[in-house]
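**Student:** missing the sequence, but the structure's below:
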């Protein structure tokens, strides 16, 4: 469906070639100062055409779900993907009523029929949309286009804005690998050990500024340099599989995937709604709903399956303020589906974009064998642009979980104290609550 | 929350020490033949005490979310975790009304207060439940106990029963790794290549019988043997980290995680509800809602991020029946969030159980340093028992997605054919629909 | 569906002849003292066999949706419809996890096939259940039996218990008319005037004690006496339409409907979620989901359509505590879909029970003409038993709306105060919030 | 919340003075021919300024929830409330993806502060919005304005378009009373008898054409004439309560309510989702969510409570096609919460508009006594404009219920036939299903 969330609810609309894309955000806390300026920055970070890894595409042709029309690099950034608040605010303050958000599409004409339309593009959604709906948008990715994510990013920016303002929550995503080139902590995981101090330091300090310092959105320069090289190679890879850096330097021949890691700092403890809506389950749902994702892991993740329990468990210690923290954080900030106040961190896998200029042997809808070659320029790698999308979906999950927990806490606080202490509180609170 | 699904809706209840656990299943297709015999087998497969990897625990003490009281191995299996259908069927046929399902708990008394209750158990949900609810069940895992999964498994068995009967869907999960010991296809992924023929053959043929042939629930004997050894080691691992197979052969000292792989065969194409409820997003949500899970990957997964697009794309071919299939299946049977008719497969990571007999340095709720050691026997590894739970959650996702797609197809079929063919159908259907 | 509510969620199961009926209540505030004693009284008030208006029925035969098997009057009340809490509490305190509730059915055997089963009973759900599900419970009302309401009443009792304890909310329903015999305020409405002082006084003072003082559950003796007479007449009405009080004094020949009025006192202002989930919309939904209901009106209701605006508007006045109240209450305590702090009151119409002993000309499922006559004894009027059901559904609506508003208030309270006052607050608050 | 429906889901946004209003419609069957021309007519019927009963209002001042700015009668209809489809269709055919719909507001500026803003307007939502959200739109009704209903009407038009095209469903609402002036069938109900032949004939034949033939939207001329007179009186009623037809013929002094009756023809049997989402419960929810509604009754409604069972029951007869129908229709086309294939009909009560020019004694937000008098012209009666809104909400309910039933039927049809016939099918089907 096109709605996400229980209390903070986002509903999106829009295909690649319709009049526009956008969303309705229901459940925004009333009184929140809110203008387009709180939303636009993340939309601008999401836009195509910002780095060599995510080359802007030309108009028309054979486009991946991650490609969007009309992203002419000659245009200045400020003129693209401008969001308008249609409702729900007055004098720059949220009224608590639904926020309508709208972003027009640059190219609103469905494209003309072409020869390549006879083929379902391999690893795109052409075939499956046709199976599901009986027909499909005739141009580009339709609803499966990454353009659909604009509504999410806009809605996520509102959630994040509240979370930062009211709770000091910080959400930072960054590119942790491109192809086989990974940041050191990812590589270390392959030694099948818990994360080391360096990784925890990274989680403590990484910021949107350090992430955006490089076009790869990898916050460590040495890794970023190697990633950029991979993207460069993919752009000019020949069908033969050989690399050729000189010829066709402008064309995208092949593509490569990567991973995005995200950290959430200052999350209140107590968020997440077991048993089905554990916080990690909601994050996994949110991440796997982003186009091109193939995996999600939280805390120690897949590597954690290889670490024995006595090293994997996170012992508690007493913080200066008297509350408890954990010494290590293999849990990724969530235990039993509920946040424990530590940093939440997770990693998301993005497959290589399906659109490549290399010719592919495949069949037409009618089953006739043929060769399909994408025209124009295409993204060799999408992970840098995925960064704000991961942040947006994270914000939506945390916001909704926070509101749900607020109603519980507020309601519980109104129950007159009972005389007897519940046994579970012995040793926890001095004398009852 | 405790409800899962939109049209096929499961709501569960129950803690480890209350009177019982169970669920209500709403949306079962009327006319389905259904008795307890369709549900019990998966509950029995889920039960503790079935293998050396999942040693039965003694009563009381310091138990993990995966441990349950009263699972005395001397009892015959048939007497344990017996499910009763309370409503929604008559004469062995489902009425289409809610199915109430109930399984009594063996030990319904909350335990007595003990010294170890002063400590929040590391990497358990004690601390987070207290943060969320202000109090917690005083015994065992409460709602965070694996006993909660009984309701899911029972509900999933109904969904699976329908899917098999009506559509021939086959859902088979199996243990693909324990600690560092993995089936060959998992190890091969570390070469960063697409899956080979052997893996596809495994997906085609693996059955519940081959899975249950070994207590590890790994369908390949050679891998199973090595996994069992890991479990053995974990049971007798010393705090020092050294192995000692002779001493204390009965006690669980340490624990280890593992992964479960699941394949779904004969899924109709067209399932999944983009943009937020993509099929893989729902599967990820479902899997990460299972206790102790830390990761999910579908199709090529994390390894797929390292494979270039020209190797990762799945080209189409024409099947004998005239429909299209894909030659490779890096997509894992889902493209654009919608099933394409190929096998769906994914892998789920389970962390090492948090309950270990090795002493752990940690602090009490009050923040005082101390040493905590679990009493009794504990699961060194939970993945074999997780197999039917993964199958159950998979069934719930596929069932709900199937029903949602049925309403769309049925509704679309009633629209009178339009004269003009939609451009997206040119070349797809001979002359309109 | 069988789930009601967004945050406080009730899911029910059960037919008239299955093993039992019950529900799962999710979202109960943790820390609430809760035992069966908080639930049983409303279940006992709901039970059949409590008054001459609601004569207990014999076993078998031709029963209405409002009739239930096994309600032998010789049994003492205390042994019937006993509820058990299965989960979600410990030591008499709610854990915040789902509360499983269960009530066994007395007669769990589906009945034998009989001649009358050839007929869809007029104005029952036999025909429509068959149309919807393709089959139906072969005995009694199945899921359409009033026995289904047990789960609601149990769940509602928990909601009401919280609302009373935490907020002092008082919910009292009573019988306001039986057939043409109505309490004075209902009759006065036919003069097409706003409610007078006497009605407001009734709303202020009516209590469960005054309601239960008479078996009609009408709190005004004079009206109650006349209502009882109607019920008496219906029990012995001849097919001819003539009354005969002497013959067959024990049998139910005909039936009659009535209305239940409900008042909610001490509701906090601000509840209700426009635009679709206005508080009156949720109440209407809840009431029309009760078997046999045909209408709902709030505040001035249908009569209000005839009163000119200058008499219908509710002017404000200043209460002693400085807050505002309304002088009249034609709005029924809700304006714009949101509670205003005044008493909420509404009236619900119940049709005459469909089960009557008088012979009815109708056709069989196969379309053959015939005569159908109910056997046994039947309810001539259900409104007295509907009283606790109306209260229960009211409680569920108010509880859910309260929790939803709590999250909003709590979230808004965390937004740092802005410098500028929103224009809508000028004249409302001295200097901003 | 601002979302309505389970599978066919409508989410709306918009206040009276924001940039625009609109909605997202999710779940539209793919392949449906759809352009703005299918939506605009109902929006045009909803617009202010179409009759003397619903006088267009001037700009600014003191407006009711039913009044909207900028509805200058000099403008041609075609220029007002123009809807644009933003997404979800291509080449005039629905893609099955969300339909974004947008209608700009004429006056988008929040108004200047004025003296009357010191007062919460009696029986408006000013006070309750402030209580709920802590602030409110400073102009007009904000989200409580009838302008909010534009999104519903647009979405309802899409649902109705499908229902008519695919199933031949006809939905016709009409004004059945204004103040004390009612159509004959309403007056007859006061005799406490079942509906007569004339009423059933009306249900069979009433059409949108006969409804729109008179500006009152009452399809019977004699009643319409009397209703118009009431509206006329209300427009010029003096504060004294006396009528004065000559003076101030253009001003609205007082207001009056009325009722809208709606009939749905050709509804398939089997719609409605007991036990909580009975079809009448969903209709009641939908109707009471419309601004200014105070009551809902279905079938025999409140009058039905006074009719004895032997007259109220609807006996069956065999239709020419062999299926069953009911001779009378006191059930209103729904039994046990499920449609039975007969006409569904219900009546909705609308209170008198709260905005009147007559001075009202009330208090300011601060509690100071004063006199409030509305400026400008105002609706004396809203029921004619409510007609398309009632139709729209009806369409949304039927559409969603239809889709939910389609998934059940389609799923049940795939179950292999069982050998034994369920007892409930004996006598119903010749030999099993």
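**Tutor:** Nice, thanks for sending it over. This one's a predicted model, so the numbers in the text were calculated from it and none came from an experiment. Residues are numbered from 1 along each chain as shown, chains lettered A, B, ... in the order given.

**Student:** Going by C-alpha atoms from here, please, whenever you check contacts or count neighbours.
**Tutor:** Noted.

**Student:** List the residues that contact residue A:326.
**Tutor:** A:314-317, A:342 (CA atoms under 8 Å, 6 or more residues apart in numbering or on different chains).

**Student:** What about those, which are in helices?
**Tutor:** Counting by DSSP state H, no part of the contacts of residue A:326 is found in helices.

**Student:** For residue A:261, which non-adjacent residue is closest in space?
**Tutor:** residue A:347 (4.2 Å; CA to CA, 6 or more residues apart in numbering or on different chains).

**Student:** try residue A:180
**Tutor:** Closest to residue A:180 by CA to CA, 6+ apart is residue B:306, at 5.2 Å.

**Student:** How about residue A:299?
**Tutor:** In space, residue A:299 is closest to residue A:332, 3.6 Å off (CA to CA, 6+ apart).

**Student:** what do you get for residue A:295?
**Tutor:** In space, residue A:295 is closest to residue B:297, 3.9 Å off (CA to CA, 6+ apart).

**Student:** and the one you found, how many neighbours?
**Tutor:** A count of nearby residues for residue B:297, using other CA atoms under 10 Å in any protein chain shown, gives 28.

**Student:** Can you classify it by secondary structure?
**Tutor:** Classification of residue B:297 by DSSP: H, G, I helix; E, B strand; the rest coil places it in strand.

**Student:** If you rank the contacts of residue A:326 by neighbours, which is first?
**Tutor:** Using other CA under 10 Å as the neighbour test, those are led by residue A:316, with 27 neighbours.

**Student:** Surely that residue is in contact with residue A:323?
**Tutor:** No: contact criterion CA atoms under 8 Å: residue A:316 and residue A:323 do not qualify, at 10.0 Å.

**Student:** Need the overlap of contacts for these two.
**Tutor:** The contact sets of residue A:316 and residue A:323 do not overlap (CA under 8 Å, 6+ apart).

**Student:** which residues does the closest residue to residue A:10 other than its chain neighbours bridge with?
**Tutor:** Excluding the flanking residues, the one nearest residue A:10 by CA to CA, 6+ apart is residue A:25, at 4.7 Å. For residue A:25, the residues forming beta bridges with it (DSSP bridges) are residue A:10, residue A:99.

**Student:** picking that back up, is it true that the residue nearest to residue A:180 touches residue A:178?
**Tutor:** Yes: with contacts counted by CA under 8 Å, residue B:306 reaches residue A:178, the gap being 7.3 Å.

**Student:** Which of these two has more residues huddled nearby?
**Tutor:** The residue with more neighbours, out of residue B:306 and residue A:178, is residue A:178; 33 against 27, by other CA under 10 Å.

**Student:** I'd like the distance between the nearest residue to the more buried one once chain neighbours are set aside and residue A:45.
**Tutor:** Nearest residue to residue A:178, sequence neighbours excluded (CA to CA, 6+ apart): residue A:258, at 4.0 Å. Separation of residue A:258 from residue A:45 (CA to CA, to the nearest Å): 18 Å.

**Student:** Go ahead and confirm residue A:404 touches residue C:407.
**Tutor:** Yes: Residue A:404 lies in contact with residue C:407 (CA under 8 Å); the separation is 6.6 Å.

**Student:** quick one, what contacts the residue of the stretch 101-250 of chain A at minimum distance from chain D?
**Tutor:** Distances between the stretch 101-250 of chain A and chain D by CA to the nearest CA are smallest at residue A:133, namely 5.6 Å. Counting by CA under 8 Å, 6+ apart, residue A:133 touches B:270, B:408-409, D:30-31, D:95-96.

**Student:** And it, how close does it get to chain C?
**Tutor:** 26 Å (CA to the nearest CA, to the nearest Å).

**Student:** Now do the phi/psi pair for residue A:86.
**Tutor:** Phi and psi for residue A:86, reported as degrees, to the nearest 10, are phi -90, psi -20.

**Student:** Who are the packing partners of the helix or strand containing residue A:284?
**Tutor:** Assigned by DSSP states H and E, residue A:284 belongs to helix A:279-288. When contacts are defined as 3 or more CA pairs under 8 Å, 6 or more residues apart in numbering or on different chains; DSSP states H and E, helix A:279-288 packs onto strand A:293-298, helix A:383-413, helix B:279-288.

**Student:** now the last one, how far from the centre of its chain.
**Tutor:** Its chain's C-alpha centre and that of helix B:279-288 lie 11 Å apart, by CA atoms, centre = their mean, to the nearest Å.

**Student:** Report the inter-axis angle for it versus helix A:279-288.
**Tutor:** Here helix B:279-288 points in a direction 170 degrees away from that of helix A:279-288 (axes from the mean of the first three to the mean of the last three CA atoms, to 10 degrees).

**Student:** for helix B:279-288, what is the average pLDDT?
**Tutor:** Across helix B:279-288, pLDDT averages out at 98.

**Student:** And for the second one?
**Tutor:** Helix A:383-413 comes out with an average pLDDT of 97.

**Student:** And the strands in the stretch 201-350 of chain A?
**Tutor:** With DSSP state E, counting those that start in this stretch, the ranges of strands along the stretch 201-350 of chain A come out as A:258-265, A:293-298, A:316-318, A:324-326, A:334-335, A:338-339, A:344-350.

**Student:** Once you drop chain neighbours, what's closest to residue A:5?
**Tutor:** residue A:400 (6.2 Å).

**Student:** Quick check: the one you found vs chain D, distance?
**Tutor:** According to CA to the nearest CA, residue A:400 and chain D sit 14 Å apart.

**Student:** which residues touch that residue?
**Tutor:** Counting by CA under 8 Å, 6+ apart, the residues that residue A:400 touches are A:5-9.

**Student:** Including distance to residue D:37 and neighbour count, could the contacts of residue A:133 go into JSON lines?
**Tutor:** Shown next, in JSON lines, are these (distance: CA to CA, whole Å; neighbours: other CA atoms under 10 Å in any protein chain shown):
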{"residue": "B:270", "distance to residue D:37": "31", "neighbour count": "27"}
{"residue": "B:408", "distance to residue D:37": "24", "neighbour count": "22"}
{"residue": "B:409", "distance to residue D:37": "25", "neighbour count": "22"}
{"residue": "D:30", "distance to residue D:37": "18", "neighbour count": "24"}
{"residue": "D:31", "distance to residue D:37": "16", "neighbour count": "27"}
{"residue": "D:95", "distance to residue D:37": "17", "neighbour count": "31"}
{"residue": "D:96", "distance to residue D:37": "18", "neighbour count": "26"}
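
**Student:** Of all pairs in those, which one spans the longest distance?
**Tutor:** Farthest-apart pair in the contacts of residue A:133 is B:270 and D:31; separation 15.4 Å (CA to CA).

**Student:** which regions of chain A sit below the pLDDT cut-off?
**Tutor:** In the prediction, chain A carries residues with pLDDT under 70 at positions A:49-79, A:107, A:109-113, A:140, A:190, A:236-252, A:375-377, A:418-421, A:427, A:429-433.

**Student:** for chain C, what are the nearby residues on it?
**Tutor:** Applying CA under 8 Å from any CA of the partner chain, we find that chain A lies next to chain C at A:6-7, A:27, A:29-33, A:91, A:93, A:162, A:165-167, A:403-412, A:414-416, A:418, A:422.

**Student:** Only whichever of these are buried, select them in PyMOL.
**Tutor:** If you want just the buried ones from the residues of chain A next to chain C in PyMOL, going by 16 or more other CA atoms under 10 Å in any protein chain shown, the selection is:
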select buried, chain A and resi 6+7+27+29+30+31+32+33+91+93+162+165+166+403+404+405+406+407+408+409+410+411+412+414+415+422
